[in-house]
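In: Output the structure for:
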Amino acid sequence: MAINKETDSLILFGQRLRAIREAANLSQEQIHYVTGISQSHIARIEAGVLNTGINHVSRLAELFGLEDYELFQYKSPIPDSELLKKNIAKFLKSRDIDPAVFLKKSLVHLIETKLLPSKFFSSPRLAKEIAEYFKEKVNAEFTTSHISQAMEGFVKKGLVEKLETEKKSKFQYRKAQLT
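Out: Next comes the predicted model:
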């Protein structure tokens, strides 16, 4: 069987991009939000089925605080997660992008991928408990008000129930009960 160097390069590039994105704890949607590259385009790059242009490579490298060529160094180690996060913070600041809006997208992604599929919401949880979970398990800090805002979206989708507590200003959340 013949080796197709172009196809191999697309796959290797996609794998490296995904590894860097995951090390930075970003969703494809967040990358779309700050770079303008569509989420479906990013997914196809990561799957190794799309040969993207140099403009996209430059934008992605800039987001992560890397040089373009570093995205092509397939055998090199993935940059440190904390360094990537600092570089992304600099990128956001240079573009006057509100980190709270950016992090909210990250929070929604974390809830969708880490909490909803798990048994975490099988019992009611306060926003404070959710914040503590993320701080302990994924080293991500979110305010309880950001968590409450993000949870409202899941309540509207019918994925989570919002339960009143003794304190009128506090609510608990649990996975929606199937009837």
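In: Now the element after the helix or strand of the chain with the lowest mean pLDDT, going C-ward?
Out: Here the helix or strand of the chain ranked lowest by mean pLDDT, DSSP states H and E is helix 99-110, holding a mean of 73. Next in sequence after helix 99-110, counting helices and strands by DSSP states H and E, comes strand 125-126.
In: how far does that next one sit from the chain's center?
Out: 22 Å (CA atoms, centre = their mean, to the nearest Å).
In: Only the buried residues of the helix ranked longest in the chain, if you could.
Out: If you go by DSSP state H, the chain has its longest helix at helix 5-23. Across helix 5-23, burial judged by 16 or more other CB atoms under 10 Å covers 10-11, 13-14, 16-18, 20-21, 23. Where you see a C-beta, it was placed from the backbone N, CA and C, and this is true even at glycine.
In: try stretch 111-119
Out: 111, 115.
In: who's in contact with the residue nearest to residue 160 when sequence neighbours are not counted?
Out: Once flanking residues are discounted, residue 160 sits nearest to residue 154: 4.0 Å by CB to CB, 6 or more residues apart in numbering. Neighbour list for residue 154: 111, 116, 160, 173 [criterion: CB atoms under 8 Å, 6 or more residues apart in numbering].
In: hang on, the earlier thing: and which of the buried residues of helix 5-23 is nearest residue 132?
Out: residue 23 (23.3 Å; CB to CB).
In: Hmm, the closest one is touching residue 83, no?
Out: No - at 9.3 Å, residue 23 does not count as touching residue 83 under the criterion of CB atoms under 8 Å.
In: what about the residue nearest to residue 160, which helix or strand?
Out: Residue 154 belongs to helix 144-156, assigned by DSSP H and E.
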